[in-house]
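Undergrad: Fold the following and give me the result.
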Amino acid sequence: MNPATPARDAGALMDAHLEWIATDIERWLGLFAEDAIVEFPYAPSIDMPDRLLGKEAIRQYFAETPKHFLGLVFSDVRRHPMASPDVAITEVHGSATIAATGRRYEQDYIMVLKAKDGRIIHYREYWDPIRGLQAFGGTENLQRLVNPS
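TA: Prediction:
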């Protein structure tokens, strides 16, 4: 998929998200509207931001993702059809090795994506913060590596 050619619906955007987040952040960012919102409802429990507003904030947060999550792959993808083509809900398992610790990262996600005009306008990701802490070796390492600002 070419980022200059927006995906048609939320399901196609979700598929592109799962394909590009691990390997090509700039291409992945092309999926988002300039004023998109990304939310992690459970992140405050480990002192991480729960909301990113706008593409630049999203870029800053995710820019180093491929360097930190080595070999990130998603499996057991379960798509939940929605009445609206502008909404996609997907359950997925993510596996990677954390570069800084060499530890395995195994996470179950629920991803909710809303689209408008072929771009992601709202993305919400539910995940277990404890699994992140274990893989990154604690809150301090996680904050320093994933959210250096």
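
Undergrad: Chain neighbours aside, what residue packs nearest to Ser45?
TA: Nearest residue to Ser45, sequence neighbours excluded (Cβ to Cβ, 6 or more residues apart in numbering): Pro129, at 5.1 Å. The C-beta positions use only the backbone N, C-alpha and C, and glycine is treated the same way.

Undergrad: wait, what's in contact with the one you found?
TA: Counting by Cβ atoms under 8 Å, 6 or more residues apart in numbering, Pro129 makes contact with 42-43, 45-46, 48.

Undergrad: same check, this time on Ile120
TA: If you count contacts by Cβ under 8 Å, 6+ apart, Ile120 has them with 10, 13, 17, 31-33, 36, 113-114.

Undergrad: avg pLDDT for the helix ranked longest in the chain?
TA: Scanning the chain for the helix with the most residues, using DSSP state H, yields helix 10-20. Taken as a whole, helix 10-20 has a mean pLDDT of 96.

Undergrad: and it, what does it pack onto?
TA: Packed against helix 10-20, as judged by 3 or more Cβ pairs under 8 Å, 6 or more residues apart in numbering; DSSP states H and E, are the following elements: helix 25-29, strand 69-80, strand 87-98, strand 104-116, strand 119-126.

Undergrad: Of all these, which one is nearest Leu52?
TA: Of all these, strand 119-126 sits nearest to Leu52, with 9.1 Å by Cβ to Cβ.

Undergrad: Show me the contact partners of the helix or strand of the chain with the lowest mean pLDDT.
TA: Within the chain, no helix or strand scores below helix 139-146, which has a mean of 78 by mean pLDDT, DSSP states H and E. For helix 139-146, the surrounding residues in contact (Cβ under 8 Å, 6+ apart) are 46-48, 61, 64, 68, 100-101, 132-133, 136.
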